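1. Let's see this in three dimensions:
(one chain, ligands or ions: 1)
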Amino acid sequence: MCGIIGVFEPKKTNEFIAQELTMLGMFAEQHRGQESCGMAVSEGSVFRHKKEMGLVKQVFTPEVLSALKGRIAIGHVRYPTCGSATYYNSQPHVVETLAGPSFALASNGDIVNYHQIRKELETEGVYFASENDGELLIKFIVYHVDKKGFTITEAVKHLMTKVKGAYSTVLATREELYMFRDPHAIRPMVWGKTPGGSYVAASESCALNILGIRDFNEVGAGEIIIVSDEGISRTNTTVKKLRHCIFEHIYFSRPDSYHFGENVYQVRENIGAILADIDKVKADIVLPVPDSANFMALGYSRRKKIPFEMGLIRNHYVGRTFIKPEQTIRDEGVQHKYNTLPNFFEGKKIILVDDSIVRGTTIRKIIKLIQKAGVKEIHLRIGSPQVKYSCYYGIDTPTKEELIANKKDINEIKDHVDADSIIHLPTETLRNAVSNPDNYCYACFDGNYPVKK
Ligand code: SF4
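-> You can find the predicted model right below:
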C-alpha cells in the first residue's frame, strides 16, 4: 500500500507552488506508507527530485521544498510490497533522456506479471536499478516511446494490455501530467481542481480536501487523463470488470475519504451495524481498537443501543502496526501503541471491535492489556471475514503461512487471543455494507483472485 499525488499548476498562475501542494497531499496520505517518501518536480526545462527513507515532514523541510520549485510535481509515500524498504525501491522513479522527453512516475499497487515483463524488457537491453514495480512501469513507457516511436498515450494504452495487476499512477513530463489507473480500478484514485486552478490527482480524497478541493472525480478504470496548458484530455482503454479492494474500506483508507462511490466512514458504520445484527451477546459497552475500527464500533453501538466508549488509547506517533514490514518491528509497535484508561475496565463485559485479524499479533496483546486492567469478559467482533489468502495487488500479506486463519480454526484463534467469544463478519454479509458489492475484490477472504499472472 502506498499513496500518490500529482499536481499540475497552469502556466498562467506562475506561482511555482506545485511542490508545496504535493507535500501537503503526501502528508495527508502518510497513513498509506511510512517507510520512504519522494517527490519529482518539473520547472519546464529542469526536472528536480528528492526521495529518502522517512516521513514526509522529516524529509520535505522548508529548505528542501524551496530547492524543488516547479509547476508540475508528483509525490509518493511508500509502504514496501514489491521490493524491500530501500532508497532504490522508493518512488518516484525518474528517467531523463538527453534528446527526448524526461519522465517521473509514482504508482500505488502491485504488478502480478512483474518478472515476465521485466525479463522481456531486459532482453531488449533495458536496465533496471531497483526491484520496484514503479520502475517497471516507467521503463515500459520510456522503452516504447524512445525505441518504438509510440506517443506517451499509446505507450500507456499498450501497457494496459500487457501489464497485469493494480496500478493507480501519476506520470510527469516537463510539460504534462498523466494520470492513469488499471482496468479493474483496484486501488483508489481521484482527481480535482484547486480553487487556484491547479489540477491534482491523489490516492485518496482526503488529500484533495486539504488543498481546498470539494468537487472531485475518480480516475476511471483503464482511463488516461492528460493535463497540459491546453487543458484536459481523457482517453478510455478497455475496462475490465471492476474489482475495487474492499480492504480499502475496512482498514487502509482514511475515514474522511470517498472512493468507489462510497464514504469510507459510512461503509465502516454499516459493517458495525451488520455485525450487531448477527450478534446475540449482551454487554455493558462497545469499544473499538482505534483508529480503523472506530466507525465500526460506532455502527455496532447505534444498532444495538449499547454505549460506545473509548477505553483504549492509541499513541499516534507509533504508526500503523499492520504496515511495519518486519515482525520484530510490528511487535515493538504494538507494545508502545496502546494503553488502557485507568479505572475503566474493572468488572465490565465488553464488545471489542477490530477491523481484521491478519497475523493475530496485535489483537492478542491488546486483549492481554485489557485483561490486566480488570475486564470481566471480552467478546471480540471483527469487521471482516477471516483473512485466508495473500494479496498480490499492493498489500503486504506475502505468505499464507503468516495468516493465523490458515494455521488455526476459529476456536483455536479464540483461545490463542484469549477472547471469551469471537465473531467475524461473513463475506455474504460484508457485501451488504457497500452499494455495489459485485464491483469489489474479496480475494483475501475467498481466494477468488480477479487478476491472474
Ligand atoms: S486481495 Fe484483499 S487486500 Fe488485496 S486487493 Fe483484494 S480485497 Fe484488497
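
2. Can you give the contact residues for stretch 429-449?
-> For stretch 429-449, contacts defined as C-beta atoms under 8 Å, 6 or more residues apart in numbering pick out 184, 186, 241-247, 249, 260-262, 267, 270-271, 274, 278, 384-393, 395, 397, 427, 450. Yep, even glycine has a C-beta here, placed from its N, CA and C like the rest.

3. residue boundaries of the helices in the stretch 251-400 of the chain?
-> Remark: helices assigned in the stretch 251-400 of the chain by DSSP state H, counting those that start in this stretch are 264-277, 294-304, 327-337, 361-372.

4. Is it possible to get CSV of these that adds mean pLDDT and mean neighbour count?
-> Formatted as CSV, the helices of the stretch 251-400 of the chain follow (pLDDT from 0 to 100; neighbours: other C-beta atoms under 10 Å):
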stretch, mean pLDDT, mean neighbour count
helix 264-277, 98, 23
helix 294-304, 98, 24
helix 327-337, 62, 14
helix 361-372, 94, 18
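
5. Contacts only, for the residue of the chain positioned farthest from its centre.
-> Most distant residue from the mean C-alpha position of the chain: G347, 38.8 Å away (C-alpha atoms, centre = their mean). The contact partners of G347, by C-beta under 8 Å, 6+ apart, come to 374-376.

6. again, but for M23
-> Applying C-beta under 8 Å, 6+ apart, the residues near M23 are 39, 56, 60, 65, 75.

7. Now do the same contact list for the closest residue to the ligand within the stretch 51-200 of the chain.
-> Nearest residue of the stretch 51-200 of the chain to the ligand: I186, at 5.5 Å (C-beta to the nearest ligand atom). Contacts for I186 (C-beta under 8 Å, 6+ apart) come out as 109, 165-166, 168, 243-245, 393-394, 441, 450-451.

8. three-state assignment of it?
-> coil (DSSP: H, G, I helix; E, B strand; the rest coil).

9. Please name the spatially closest residue to it (chain neighbours excluded).
-> With sequence-adjacent residues excluded and distances taken as C-beta to C-beta, 6 or more residues apart in numbering, I186 is closest to A166, at 3.7 Å.

10. What about that neighbour, how many residues nearby?
-> By the criterion of other C-beta atoms under 10 Å, A166 has 30 neighbours.

11. quick one: it and C206, what's the gap?
-> Using C-beta to C-beta, to the nearest Å, one gets 20 Å for the distance from A166 to C206.

12. Ok, Y265 next?
-> 11 Å.

13. Mutual contacts of those two, please.
-> Counting by C-beta under 8 Å, 6+ apart, the residues touching both Y265 and C206 are D256.

14. Check for me that K139 belongs to a helix.
-> Yes: under three-state DSSP, K139 falls within a helix.

15. Now for it: which residues touch it?
-> Going by C-beta under 8 Å, 6+ apart, K139 touches 95, 121, 126, 128.

16. Residues of the stretch 301-450 of the chain that sit close to the ligand?
-> Where the stretch 301-450 of the chain comes near the ligand, counting by C-beta under 6 Å from any ligand atom, the residues are 391, 393, 395, 441-444.

17. which two in these are spaced the farthest apart?
-> For those, the farthest-apart pair by C-beta to C-beta is I395 and Y442; their separation is 13.1 Å.

18. And the two? Which one has more around it.
-> Between I395 and Y442, counting by other C-beta under 10 Å, I395 is the more crowded of the two (25 against 20).

19. burial of the residue nearest to that one when sequence neighbours are not counted, as a residue count?
-> Sequence neighbours aside, M1 is the residue nearest to I395 in space, at 5.7 Å (criterion: C-beta to C-beta, 6+ apart). When neighbours are counted by other C-beta under 10 Å, M1 registers 29.

20. Spit out the contact partners of M1.
-> Applying C-beta under 8 Å, 6+ apart as the definition, the contact partners of M1 turn out to be 32-33, 79, 81, 108, 252, 323, 394-396.

21. Can you add distance to L136 and give the residues you listed back as TSV?
-> Output for the contacts of M1, formatted as TSV (distance: C-beta to C-beta, whole Å):
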residue	distance to L136
R32	20
G33	18
Y79	18
T81	13
N108	14
F252	23
I323	22
G394	14
I395	18
D396	18
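
22. Compare the residues you listed and tell me which has the most neighbours.
-> N108 (32 neighbours).

23. wait, isn't it in contact with S203?
-> Yes: applying C-beta atoms under 8 Å, one finds N108 in contact with S203, separated by 5.5 Å.

24. Overlap of the contact sets of these two?
-> Counting by C-beta under 8 Å, 6+ apart, the residues touching both N108 and S203 are 2-4, 32, 168, 187, 189.

25. on that earlier part again, buried ones among the residues of the stretch 301-450 of the chain next to the ligand?
-> Neighbour-count burial (16 or more other C-beta atoms under 10 Å) applied to these gives 391, 393, 395, 441-444.

26. Just checking: the least confident one among the residues you listed is which?
-> Note: of these, the lowest pLDDT belongs to I395, at 80.

27. just to revisit the earlier point, mind picking the one among the shared contacts of N108 and S203 that's closest to Y338?
-> Set against Y338, the nearest of those by C-beta to C-beta is R32 (21.4 Å).

28. Just give me the neighbour total for the residue of the stretch 151-300 of the chain found nearest the ligand.
-> When scored by C-beta to the nearest ligand atom, the stretch 151-300 of the chain has C245 as its residue closest to the ligand, at 3.2 Å. Summarising burial for C245: neighbours were counted as other C-beta under 10 Å, giving 29.

29. thinking again about what came up before, show me the contacts of K139 that map onto helices.
-> Within those, residues falling in helices by DSSP state H are L121.

30. on that earlier part again, check contacts around the residue nearest to I186.
-> Going by C-beta under 8 Å, 6+ apart, A166 touches 108-110, 182, 184, 186-187, 245, 393-394, 451.

31. repeat that for 6 Å
-> The contact partners of A166, by C-beta atoms under 6 Å, 6 or more residues apart in numbering, come to 109-110, 182, 186-187, 393-394.

32. Now for the protein, the helix or strand with the poorest mean pLDDT.
-> Taking mean pLDDT, DSSP states H and E as the measure, the helix or strand of the chain with the lowest value is helix 327-337, at a mean of 62.

33. Could you chop the chain up by domain?
-> Residue ranges for the domains of the chain, per automatic domain parsing: 2-240, 265-434.

34. so how far is the first one from its chain's centroid?
-> Pointing back at domain 2-240 there. Taking C-alpha atoms, centre = their mean, to the nearest Å, one finds the center of domain 2-240 at 15 Å from the center of the full chain.
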